[in-house]
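Novice: Following is a predicted model, sequence given first.
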Amino acid sequence: MEIRTLRYFLAVIDHGSASAASRVVHVAQPSLSRQLHSLERSLGVELFHKRRGSLRLTVAGERFLPMARDIVARADRARTMLSHFADGTDAPLTLAAPPTTVADVIAPYLADEWPLVGLQDIVECDTRVVYDLVQRGDADVGISTLPPPGSMDTRVVGHAPVCALAPSGNPVAALTEIDIADLVKERLILMRRNNAARLTLDAAAAARGLNYLDPHVVSVTSVAQALASSGHGIAVLTDQPLFGLTAIPIRVPDGILSVTLYAGWDSNHFAASGAASLVESIINYHRTLPALS
């Protein structure tokens, strides 16, 4: 099974027919079709239903498609890595992080520092699978609200405050901070329990034996902010405020409620030094900002 043949297979899928694929990959259609037949023989299954000149994936083809994309993507990354070794340049890195971290931590950094870092791509994902992507090789560095596995190198990137986001007409918006015991008496708009701010708030409330008053639970942070802006309650998030909302820090017995952000990367990674430098650069940038300290 050759990478070249997998590229032909993907070209047929992406361009709708063998004739269209042959033009894209610059191979004569009969030769491309022979290569696909050879691929099917080597796999021992039919990948396409062939009807009246059209090609449609079989069940086996549907199962094989994501594997083929993954194999080709890994081959491309390997080629890129080795080309950087050959010419002595640093390899470009892929970073995985949750959407809020990308928006509030990575994007502001890149706006100022993009020309200075070897960052090729950013993958948004659930905070719980960030390090899975790193371990699979789909990302080189991960930033998450969870600490990485012990096998990884790690740094604390910073601490993002969990804030009550209130509209200007709400008395809470006039406060400089709000105690968690007072906050839980308000109508709250909370994220589901896969959200770091929600988990942190839950833990702090449970530690003091506090309960919420029938919160409105949503799945998207921008929706939580929109609901708060329209007067439906107070959103609790680490996100930067939108829609004219005011962010009020939440006081807990040991200080201001916050979420810790961790970076993790494989110490044996071919670009481990580059990953460490990237993380250090992000940390140094945000040391000057009040939102992440």
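Specialist: Nice, I can see it.

Novice: Give the residue spans of the stretch 151-293 of the chain that score low on pLDDT.
Specialist: For the stretch 151-293 of the chain, residues meeting the criterion pLDDT under 70 lie at 288-293.

Novice: Could you rerun that using 90?
Specialist: 151, 158-160, 169, 193-196, 213, 239-240, 266-278, 281-293 (pLDDT under 90).

Novice: For it, which segments count as helices?
Specialist: In the stretch 151-293 of the chain, the segments counted as helices under DSSP state H, counting those that start in this stretch are 180-183, 196-207, 221-229, 272-286.

Novice: Please enumerate the strands of the stretch 51-200 of the chain.
Specialist: All strands of the stretch 51-200 of the chain, identified by DSSP state E, counting those that start in this stretch, fall at 54-57, 93-97, 119-124, 141-144, 152-161, 163-166, 178-179, 188-191.

Novice: For the second one, output the C-alpha coordinates as PDB.
Specialist: The C-alpha coordinates for strand 93-97 follow below in PDB (Å, rounded to 0.1, in the frame of the first residue of the first chain):
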ATOM      1  CA  LEU A  93       4.700  23.300  15.200                       C
ATOM      2  CA  THR A  94       1.000  22.500  15.600                       C
ATOM      3  CA  LEU A  95      -0.700  23.500  18.900                       C
ATOM      4  CA  ALA A  96      -3.900  22.000  20.300                       C
ATOM      5  CA  ALA A  97      -6.100  23.900  22.800                       C
END
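
Novice: hmm, back to that, out of the helices of the stretch 151-293 of the chain, flag the one nearest Gly150.
Specialist: When those are compared by CB to CB, helix 272-286 sits nearest Gly150, at 16.0 Å. (C-beta placed from N, C-alpha, C; glycine too.)

Novice: Find the nearest non-adjacent residue to the residue nearest to the spatial centre of the chain, please.
Specialist: Most central residue of the chain, judged by C-alpha distance to the mean C-alpha position with CA atoms, centre = their mean, is Glu124 at 2.0 Å. Excluding its sequence neighbours, the residue lying closest to Glu124 (CB to CB, 6 or more residues apart in numbering) is Pro99, at 4.9 Å.

Novice: The one you found and Arg208, how far apart?
Specialist: With distances taken as CB to CB, to the nearest Å, Pro99 is found 30 Å from Arg208.

Novice: So between those two, which is more surrounded?
Specialist: More crowded of Pro99 and Arg208, by other CB atoms under 10 Å: Pro99, with 15 against 12.

Novice: deepest of the helices of the stretch 151-293 of the chain, which one?
Specialist: Compared across those, helix 221-229 shows the largest average neighbour count, a mean of 20 (mean count of other CB atoms under 10 Å).

Novice: what packs against it?
Specialist: Packing contacts for helix 221-229, counted by 3 or more CB pairs under 8 Å, 6 or more residues apart in numbering; DSSP states H and E, involve strand 163-166, strand 188-191, strand 216-218, strand 234-237.

Novice: CA atoms only: put it into CSV for me.
Specialist: Extracted in CSV, the C-alpha atoms of helix 221-229 (Å, rounded to 0.1, in the frame of the first residue of the first chain):
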residue,chain,number,x,y,z
THR,A,221,-19.9,30.3,25.7
SER,A,222,-21.1,33.0,23.3
VAL,A,223,-24.7,31.9,23.9
ALA,A,224,-24.2,32.2,27.7
GLN,A,225,-22.9,35.8,27.2
ALA,A,226,-25.8,36.7,24.9
LEU,A,227,-28.3,35.4,27.4
ALA,A,228,-26.6,37.4,30.2
SER,A,229,-26.6,40.5,28.0
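
Novice: Of all the helices of the stretch 151-293 of the chain, which one comes closest to Leu10?
Specialist: Closest to Leu10 of the helices of the stretch 151-293 of the chain is helix 272-286 (CB to CB; 29.3 Å).
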